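J.: quick one: sequence and predicted model below, then my questions.
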Amino acid sequence: KAGVTQTPRYLIKTRGQQVTLSCSPISGHRSVSWYQQTPGQGLQFLFEYFSETQRNKGNFPGRFSGRQFSNSRSEMNVSTLELGDSALYLCASSGSSGGYGETQYFGPGTRLLVL
Amino acid sequence: SQKIEQNSEALNIQEGKTATLTCNYTNYSPAYLQWYRQDPGRGPVFLLLIRENEKEKRKERLKVTFDTTLKQSLFHITASQPADSATYLCALDWVFGAGTRLAVHP
């Protein structure tokens, strides 16, 4: 089974721009979660989508948004980029049943640098 | 708010010894806890899940304990090898600890 894929792997943007990151989950997985990882804050939960609906949300500003498509692929968008948004963005998929507590399988991440 | 604490200092041990990492949590009554391994520049990889009714779980050289009274989980790697060097994260649902970096020296 193919793993979680994320595109692009690396991205450089300037302040004020917006960016869209993409995640393809493991086949059959219906839950996709997004995380931001920085050296200072560690792994921070952004949001989780299940069957095209946002099911859980972390404490990030509204500039961070996401969506999930009918094929479970997900996109994350960050608008009005700030320098502090520079981070590794990780996507994880889980669950063919969508239950809580299922193991998360992470993608390789997208490294975003905001200049 | 829910909080997970892991020893932020790196753990340095000699090859062949047992590494023990600690995960403490507050404001949470989890039904399960998970441990992940992360190598630099890569996404975390799932290692073990332990449920609240399980005191201990093993997988090869790995052992996890879960004490819901102490609100603590211990993660052990026996007969450690340099290839075990990585950052180990504990997680409750979508909340991850900051991780403990383990360095195993030959």
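T.: Alright, I've got the coordinates. Numbers count the residues shown, from 1 in each chain, chains lettered A, B, ... in the order given.
J.: tell me, how many residues neighbour whichever residue of chain A sits closest to chain B?
T.: Closest to chain B within chain A is A:Phe106: 3.1 Å, counting by Cβ to the nearest Cβ. The C-beta positions use only the backbone N, C-alpha and C, and glycine is treated the same way. Around A:Phe106 there are 23 other residues, counting by other Cβ atoms under 10 Å in any protein chain shown.
J.: sticking with the residue nearest in space to the middle of chain A, tell me its helix or strand.
T.: Closest residue to the average C-alpha location of chain A: A:Trp34 at 3.0 Å, with Cα atoms, centre = their mean. A:Trp34 is located in strand A:31-38, with elements delineated by DSSP states H and E.
J.: in chain B, which residue sits closest to chain A?
T.: Counting by Cβ to the nearest Cβ, chain B gets nearest chain A through B:Gly43, at 3.1 Å.
J.: what kind of secondary structure is that residue in?
T.: State at B:Gly43, reduced to three classes by DSSP: H, G, I helix; E, B strand; the rest coil: coil.
J.: and the one 3 residues further on, by the same measure?
T.: Classification of B:Phe46 into helix, strand or coil gives strand, according to three-state DSSP.
J.: quick one: residues contacting the residue nearest to it when sequence neighbours are not counted.
T.: Computed as Cβ to Cβ, 6 or more residues apart in numbering or on different chains, the closest residue to B:Phe46 that is not its neighbour in sequence is A:Thr103, at 4.7 Å. A:Thr103 sits next to A:94, B:34, B:46, B:49 when contact means Cβ atoms under 8 Å, 6 or more residues apart in numbering or on different chains.
J.: and chain A, which residues reach chain B?
T.: Residues of chain A found near chain B (Cβ under 8 Å from any Cβ of the partner chain) are A:4, A:33, A:35, A:42-43, A:45, A:48, A:56, A:58, A:88, A:90, A:92, A:100-101, A:103-109, A:111.
J.: which among the residues you listed count as buried?
T.: For the residues of chain A next to chain B, a burial check counting by 16 or more other Cβ atoms under 10 Å in any protein chain shown picks out A:4, A:33, A:35, A:42-43, A:45, A:48, A:58, A:88, A:90, A:92, A:103-109, A:111.
J.: in strands, which of those fall?
T.: Using DSSP state E, the subset of these located in strands is A:33, A:35, A:42-43, A:45, A:48, A:88, A:90, A:92, A:105-106, A:111.
J.: enumerate the residues of chain B near chain A.
T.: Residues of chain B lying close to chain A (Cβ under 8 Å from any Cβ) are B:31-32, B:34, B:41-46, B:49, B:89, B:91, B:93-99.
J.: how about a cut-off of 7 Å?
T.: Proximity of chain B to chain A, by Cβ under 7 Å from any Cβ of the partner chain, involves residues B:31-32, B:34, B:42-44, B:46, B:49, B:89, B:93-96, B:98-99.
J.: B:Ser73: which of the residues you listed is nearest?
T.: Checking the residues of chain B next to chain A against B:Ser73 with Cβ to Cβ, the nearest one is B:Gln34 at 9.4 Å.
J.: what count of nearby residues applies to that closest one?
T.: The number of residues packed near B:Gln34 is 24, by other Cβ under 10 Å.
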